[in-house]
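**Student:** Here's my sequence, what's the structure:
(chains A, B, C and D)
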Amino acid sequence: MLLMLSSPHAHGGDTIRVMMLTVILALLPAAAVSVYLFGWLALLLILLCMAASLATEAVCLKLMGKPLSTLLDNSAALTGLLLALTLPALTPWWMAVLGSIFAIVLGKQIYGGIGYNIFNPALSARVILLISFPLQMTSWLVPMSAATPPVDLYDLSTCLTLFFAGPDALKSSLDAISMASPLGHVKTEWTLGVPVEGALAAYNYSYLNAFLGFETGSIGETSVLALLIGGVFLLARHSITWHIPFSYLATVALLAALFNAIDPAHFAPPMFHLFAGGLMLCAFFMATDPVSSPVTPLGQIVFGVGCGVLTWSIRSFGGYPEGAMFSVLLMNCAVPLIDHYCRPRVYGHDGRRV
Amino acid sequence: MAGLLYALLSLGAFALLAGIILAIAQKVFHVEGDPMAEKIDALLPQTQCGQCGYPGCKPYAAAVAGHEADVNHCVPGGERTMLAIADLMGVEPKAVEQEAAAPMVAFIREDECIGCTLCIKACPVDAIVGAPKQYHAIIADHCTGCELCVEPCPVDCIDMLVKPELIEHWAWPLPETRRSRIGHERREQHAGHA
Amino acid sequence: MTEIVLIMLSAVLVNNFVLTKFLGICPFLGTSGKVETAIGMSFAVMFVMTLASAASWLIQEFVLVPLGLEYLQTIFFILIIAALVQFIEMMIHKTSPVLYQALGIFLPLITTNCAVLGVALLNVQQEQTFVTSALYGFGAAVGFALVLVLFSGLRERIEISPVPSLFKGSPLTLITAGMMSLAFMGFSGLVKI
Amino acid sequence: MPAMLRNLAQRLGMMAHSFVGGIHPPQHKLSAGLKSELCPLAPLHIMPMKQHIGVACSPLVAVGDRVLRGQKIAKSEGYVSVPVHAPTSGRVVRIGDHAIPHPSGMGIPSIFIETDGDDAVDESLAPLADWRSMEPALLRERVRMCGLAGLGGAVFPTFIKLVQDARFPIETVILNGIECEPWLTSDHCLMLEYADEILAGLAIIMHMVKTDAAIIAIEDNKADAAAVLQQALEARDDLADVRVVVLPTRYPQGGEKQLIYTLTGREVPAGKLPMHIGVLCQNVGTTRALYQAVMQGRPLTERMVTVSGDAMPRPGNLLVRIGTPMRHVFAQRGLDVFEQVRLLHGGPMMGELLRHPDLPVVKSTNGMLAMREPTFMAAHQPEQPCIRCGHCSEACPAGLVPNLLADQCRSDQFERAESYNLFDCIECGACSYVCPSHIPLVHYFRYGKGQIAQQRREKHFAEESRGRSEAREMRIEQEKQARAARRSSVRAAHVGQSDDGSADAAGEEKKD
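**Tutor:** I've put the predicted structure just below:
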């Protein structure tokens, strides 16, 4: 056997598997917080999404005649975990399974498998679910950190009933056990004419709670602290670079600060924007998904700024309370063009090339 | 009745106006010759071999530009030329009818040559030198391998030889990996459309 | 000023003709194979759409309404569009033969691009002024151009991907367009016009 | 992260300059610090007719001729070319094709010399001890005659770089002792043992290009060599403006363009040479060979070769005659069974895989590595899809985006690859080294470059053919017209005989 093998004949030893595993590890703090907040329900959701993703991936690989060992690259598990963390705790089991199938099939395998997807698989599935089931996807369960949680989420049987049979089985309605998320609350109140400060005061909003993750929301997006720990871990392990998270968060913060200074009644303060909704999760784990983000540093900054502008605009003016997911998907569309126009300067060439 | 008249008149007047503007535009933007033919000619290998059924590369280019000929008739150009032309013309690629063989050069066995000059007259690129009653010789660097000289030779003393490969012209092949074949699969798929 | 920005934003993003109103899908799919072609098509459509919406407003206001000929709207608008398309076709043939070849049948087919006629009819429906209808036409064209160019970038990337043979070509193209449309739903409600 | 800190440090002016990208592969310099040894003469030497970049040579000797060490046995056939010399005394036994260390495995014409064991030296070239008073052009001719080509591995004819051009005066000479390839220690060994000769060679180069400033660049994993050179430098009084600069180890620091940027903060513009920005870069091995050529009148017949690798029983640095079969060299260090062993010519990052050990040592052979099959295959795992992590563009010292380039090369989008600056790739291999998907990026670039070169040749040939074809058509047309004109004049003459009046008219027409 003599293949034509070109230099280099040495390799640094990085593998896709380890890179994906690193991201999964980085998500563990956020997952832990989600289990603390939503008890067994969060754990069930995470496990089901991961299992469904792996199973779907296995079926796809089988259908396409690819080796099943590809499963071991951990990418399907990561997609499942990411999807679970973006879902509300009240997501019924079948919706979670459906989402996982969407993520793997429509998000990834249809484009040729790992490395070829154009949109972030987890996010595209999340948006499909949001648009298909708007009620369930915007009902936020009251977490265990609340003063009087309506259901005991640390009780396995309650959670199993809730998960597989829905709130009706517990003889309670969706409304009784759910509450508004801070972003949703502010948006609704604003349409009713209540200024932002008033809305936040009425919500008993506290920055500390939001930072630690005691507000409600999708199970994995609540705790800024846990997500920051994961993000710093990724940065330290060189799994991601600072460009996207930094430019994304900085853009949102700058826009929010600017407009908050102009009209504090309409525009929420920067801290609120940074701590609320899925911004942190998106900035560190979704927008940085290597496959669907630009390759070059300049391109990544452009990408991050674009995400930031879109997120803030949709939150401030749009019909949806949260724009982080949409903004990442929208910027995913622009990645090929960003890659084309934001290439680094090549040695020996000055400035821009044709 | 008046309404109908108005309708007819206004529509007619407007159409007339548009017609006049377009007529002027036609004069201004008149296109001389066929720029596409030249662009296609530049892609052809210029062997002038006539295997496409046209007397040379330029006539074939003109035929393709005029949508009279398909893009896949250039045999020595092979798949790559076909794809380039299809790309330029914005049409679906078609399978090349004949596999392009390895590049060849003609060679005259001098001891058999009778010096009839028929091959010299046949050569489209003047790559054969010689005078009547003298041995003829091929300038290997000029020969396009079109084989047009083989037929006219009355004593069959012209051989087509495979062009020797030079180490300087050696090029790396694609890596032998599964993924590297995607490009080829894509081309094959295009070829399958024909 | 604010109004102008809002009209543009609305036409480009919120009510994007291709991804929200699903008009002009045919050239959107037909000319998005390569970025260069898409850019050429974008400019052609921008030219036709802007001029067509302005001209159709003029015709509507000064010919059709005074003469009570509103029922001839469609014919007149088509006539304007057809003339403009003829004009730009000659222009492109002269200036860029390669683009002319690449656009092929889709260039004359701008005539029947429902987005162009759509914008002219919508302008009349929404009782826009001359300036706003020209702006709306331009905005719609920019929106068309934006998604066309973005989409062509995506398609160039898909082109070199090992897509399962079942989905090769138009199936995946349509799915991707659908995903883009989903993403554009994020803009809904952004501008209330 | 280190890249980020480095960039930051650069911005803040804490570090002078530093090329972008780069990697830190494990050094594996097993043979570092080992004394060089002479490789015993092999019974047969094989001298390929082209061991440099440029035009091949043609033999000057015939089968049966006796040759002496240093005798010119092949002359250069073009400007970018240097002659070949006999490595030892002996008899020419054959002239014919033999495989050379080249990825194609193809052979080129070579001269086979059977060693007679005397090692008698051809003394026809006199030492030029008073080089200081000599014209640079004369010294340059000596460098050419002695067959010098860049011994760092690129083997570009040295004399061409030593040209003096009034428009581009050389300001700084850079002596490249970086040797950033893992495993290799041949330059290191030379610097430790022949510091004086290297400095003397440097002095000659500086005289030839008329400059006083030079920088000797050494990576910090060779601090001992830097110290030795510094000491030798202080012992000389003619090299006052020469500095020894120790750089932090990073691959590919030794790349000419990268090194020039690191040391001077200037980039060699694309398509230009270092000369155009007033810099001359020479490898330490070449510099020592230049010293030997000028001061001792010895053509290039020998070079330092690192023999190493994890399958090598006794790694070391050997002074090997050019043309020595590699099998002979490996045998000196205890390797004579080549099963489950992969042989590399050069370092692991830019070296070529050899198909077998029956190849001659050539001027570019800076190292010969024998790797165990598992070690080797660990670096060549099956290719997986690109996940666009961007590590390759972070590592690229040329500022390219390797993953996009590879996509383009793979799908034959060569025009686009060119517009993405494919030809600015220096093939250092940093991208493939860091790729978590094990994509052989450099291989794709080589494929792309080869295809583009071939297309250019074809295009050039097509244009020439078109010219010839058009000339022929024009000639045929002219002949036809001439014939037609002749025929009509003949006919006119014919008609004239039968009818005088009309003949006159025709004649008048002709006059007009």
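
**Student:** where does the residue in chain C that chain D sits nearest to fall, phi/psi-wise?
**Tutor:** Closest residue of chain C to chain D, CB to the nearest CB: residue C:160 (4.5 Å). To be clear about C-beta, it is placed using only N, CA and C from the backbone, and glycine gets the same treatment. Main-chain torsions, residue C:160, degrees, to the nearest 10: phi -100, psi 20.

**Student:** Look up phi and psi at the nearest residue to it once chain neighbours are set aside.
**Tutor:** Leaving out its chain neighbours, the residue that sits closest to residue C:160 by CB to CB, 6 or more residues apart in numbering or on different chains is residue D:411, at 4.5 Å. For residue D:411, the backbone dihedrals (degrees, to the nearest 10) come out as phi -100, psi 20.

**Student:** Name the helix or strand for residue 19, please.
**Tutor:** Defaulting to chain A. Residue A:19 is part of helix A:16-63 when elements are defined by DSSP states H and E.

**Student:** if you could check chain B rather than the one you did, that'd help
**Tutor:** With DSSP H and E as the criterion, residue B:19 is inside helix B:2-28.

**Student:** quick one: the residue of chain C closest to chain D and residue D:409 touch, right?
**Tutor:** No: between residue C:160 and residue D:409 no contact is recorded; they are 10.7 Å apart, counting by CB atoms under 8 Å.

**Student:** Between those two, tell me which one has more neighbours.
**Tutor:** The neighbour count for residue C:160 versus residue D:409, taken as other CB atoms under 10 Å in any protein chain shown, is higher for residue D:409 (29 against 18).

**Student:** And for the host helix or strand of that one, what's in contact with it?
**Tutor:** For residue D:409, the element it lies in under DSSP H and E is helix D:402-410. Helix D:402-410 is contacted from outside by A:295, A:339, B:174, B:179-180, B:182-183, C:160, D:386, D:388, D:390, D:392-393, D:396, D:413-414, D:416-417, D:420, D:422, D:425, D:431, D:439, D:441, D:444-445, D:447-448, D:451, using CB atoms under 8 Å, 6 or more residues apart in numbering or on different chains.

**Student:** Following element in sequence after it, please.
**Tutor:** helix D:414-419.

**Student:** Compute the number of surrounding residues for the nearest residue to residue A:107 once chain neighbours are set aside.
**Tutor:** Spatially, and ignoring its direct neighbours in sequence, residue A:107 is nearest to residue A:121 (2.9 Å; CB to CB, 6+ apart). Residue A:121 has 31 neighbours, counted by other CB under 10 Å.

**Student:** and if you look at the one 3 residues further on?
**Tutor:** Each residue near residue A:124 was counted by other CB under 10 Å, and the total is 27.

**Student:** and it, helix, strand or coil?
**Tutor:** helix (DSSP: H, G, I helix; E, B strand; the rest coil).

**Student:** So it versus residue C:180, what's the distance?
**Tutor:** If you measure residue A:124 against residue C:180 using CB to CB, to the nearest Å, the figure is 10 Å.

**Student:** Also residue C:58?
**Tutor:** 35 Å.

**Student:** of the two, who's got more company?
**Tutor:** Higher neighbour count among residue C:58 and residue C:180: residue C:180, with 22 against 15, using other CB under 10 Å.

**Student:** Confirm that one sits in a helix?
**Tutor:** Yes: secondary structure assignment places residue C:180 in a helix (three-state DSSP).

**Student:** show me the contacts for it.
**Tutor:** Counting by CB under 8 Å, 6+ apart, residue C:180 has contacts A:333, C:19, C:147, C:150, C:151, C:154.

**Student:** And the residues you listed, which two are furthest apart?
**Tutor:** Taking CB to CB, the two most distant members of those are C:19 and C:154; they sit 12.8 Å apart.

**Student:** Give me the phi and psi angles of residue 146.
**Tutor:** Just going to use chain A. Taking degrees, to the nearest 10, you get phi -70, psi 160 for the backbone angles of residue A:146.

**Student:** wrong one, chain B
**Tutor:** Backbone torsions for residue B:146, taken as degrees, to the nearest 10, come to phi -80, psi -10.

**Student:** Could you do residue D:109 as well?
**Tutor:** phi -60, psi 140.

**Student:** isn't it right next to residue D:99, touching?
**Tutor:** No: with contact defined as CB under 8 Å, residue D:109 does not reach residue D:99; the gap is 11.8 Å.

**Student:** List the buried residues in stretch C:5-22.
**Tutor:** For stretch C:5-22, the buried set under the neighbour-count rule, 16 or more other CB atoms under 10 Å in any protein chain shown, comprises C:6-21.

**Student:** What of stretch C:55-66?
**Tutor:** The neighbour-count check on stretch C:55-66 (16+ other CB under 10 Å) flags C:55, C:56, C:57, C:59, C:60, C:63, C:64 as buried.

**Student:** Averaged pLDDT, that stretch. What do you get?
**Tutor:** Per-residue pLDDT over stretch C:55-66 has a mean of 88.
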